[in-house]
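> Prediction below, plus the sequence it came from.
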Amino acid sequence: MKKLFLFLSVFVLFLSSCKSSKQIAKVHYTTDGVELSKLDTSDTIPKDAEVLESEVFVPSHYEGVNRIKHYDFAHPDVPKSFDGFQIAFISDLHYKSLFKQQGLFDLVSLLKELNPDALFMGGDYYEDCENIPELFKELSKVKPKYGTYAVLGNNDYERCYDESTSTMAKYKISVLEHQVDTIRKGREFILVAGIRNPFDLKNNGISPTLSLHPNDFVVLLTHTPDYAEEVSIRNSDLVLAGHTHGGQVRILGFAPIIPSKYGQRFLTGLKYTTAGYPMIVTNGIGTSQIDVRMSSPSEIVLITLKRL
């Protein structure tokens, strides 16, 4: 299969620019004994971005992935050498749920065909501990030039944490737990920040982006979109999140069950926080609770950075 094949039928859904931000209230969680309200956590106005969104449905003989969702993300902080840089983003594999071995093989094939510059992963990788070695060994066959970066989901923290993180390290997957990594091209760079257990705001309520420079281009990777709404994520330029499964089962566009306190607001696709930060929420790939998807296609997200 040729790469061009995947995008011949692309059509534009919409073109939008970021909304202006509002000042958000300071919250009073603590991290390592430091009260967050004593830090400067107020949000500055996010810089305008332009986002073009499209999708291509994958041929039916591929299992596990229904579509490739593509975003052209243009932003003034994208360095010149990163114009055209492509990031593939996957999340919520829940391996061995509805997403099984052949689906994994097909996912890896599609990612290799897309050949992104970097691969980002959003957590909730497996259903059972015994599936960890097979899963990450297969994913490691995708070898982006600039690396693979990941955060963990709630399922990954609840079970098999040590085994999953050690296995990911074995295959050179950079797990970012309230850490920031640098992707360099010559003298220029972009930053990827990852959130540790975003459901534990008492310990993780201070975003690692607060210490970054506002003129650097920063991608914030978090398992749940709720985190980007509940705490200051100042200096972030783009947020990537999963967890919602796009509702997993939607009836006439409505999802009866959504694992987010904000309901339909951050269900799927391009969204904006109250402070105006752009966030892409993926439907993910696998399933949870029941092995059914309805009107919520499993997907790979492909983001092309553009200098604005």
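Sure thing, it's come through. Predicted, not measured: the structure shown is a model, and the values here were computed from it.
> switch to C-alpha atoms for all contacts and neighbour counts from now on
Will do.
> Could you list every helix and strand in contact with the longest helix along the chain?
For the chain, the helix with the greatest residue count under DSSP state H is helix 101-114. Other elements packing on helix 101-114 under the criterion 3 or more C-alpha pairs under 8 Å, 6 or more residues apart in numbering; DSSP states H and E are helix 132-139.
> The helix it packs on packs against which elements?
Looks like helix 132-139 contacts helix 101-114, helix 161-170 (3+ C-alpha pairs under 8 Å, 6+ apart).
> follow-up on the earlier one: the next helix or strand after the longest helix of the chain pairs with which strands?
Where DSSP states H and E defines the elements, the next helix or strand beyond helix 101-114 is strand 118-121. In the sheet, strand 118-121 lines up against strand 86-90 (parallel), strand 148-150 (parallel) (DSSP bridges).
> center of this structure - which residue?
Residue closest to the mean C-alpha point of the chain, counted by C-alpha atoms, centre = their mean, is L240 at 3.3 Å.
> Turn the strands paired with strand 118-121 into TSV, including mean neighbour count, distance to R196 and mean pLDDT.
Shown next, in TSV, are these (neighbours: other C-alpha atoms under 10 Å; distance: least, C-alpha to C-alpha, whole Å; pLDDT from 0 to 100):
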stretch	mean neighbour count	distance to R196	mean pLDDT
strand 86-90	25	17	98
strand 148-150	24	10	98
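> Quick one: residues contacting T244.
The contact partners of T244, taken as C-alpha atoms under 8 Å, 6 or more residues apart in numbering, are 224, 258-260, 266-268, 281-283.
> Turn those into a markdown table, including pLDDT.
Formatted as a markdown table, the contacts of T244 follow (pLDDT from 0 to 100):
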| residue | pLDDT |
| --- | --- |
| T224 | 98 |
| I258 | 87 |
| P259 | 88 |
| S260 | 92 |
| F266 | 96 |
| L267 | 94 |
| T268 | 95 |
| V281 | 98 |
| T282 | 98 |
| N283 | 97 |
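> and of the residues you listed, the nearest to R234?
R234 lies nearest to T224 out of these, by C-alpha to C-alpha, at 17.1 Å.
> Three-state assignment for that closest one, please.
coil (DSSP: H, G, I helix; E, B strand; the rest coil).
> Next: R184.
strand.
> Just give the closest residue to it, not the sequence neighbours.
I190 (6.7 Å; C-alpha to C-alpha, 6 or more residues apart in numbering).
> Would you confirm that that neighbour belongs to a strand?
Yes. Assessed by three-state DSSP, I190 belongs to a strand.
> Buried residues, stretch 296-308. List them.
296-307 (16 or more other C-alpha atoms under 10 Å).
> Apologies, that question was intended for stretch 205-222.
Neighbour-count burial for stretch 205-222 [16+ other C-alpha under 10 Å]: 205-210, 212, 214, 216-222.
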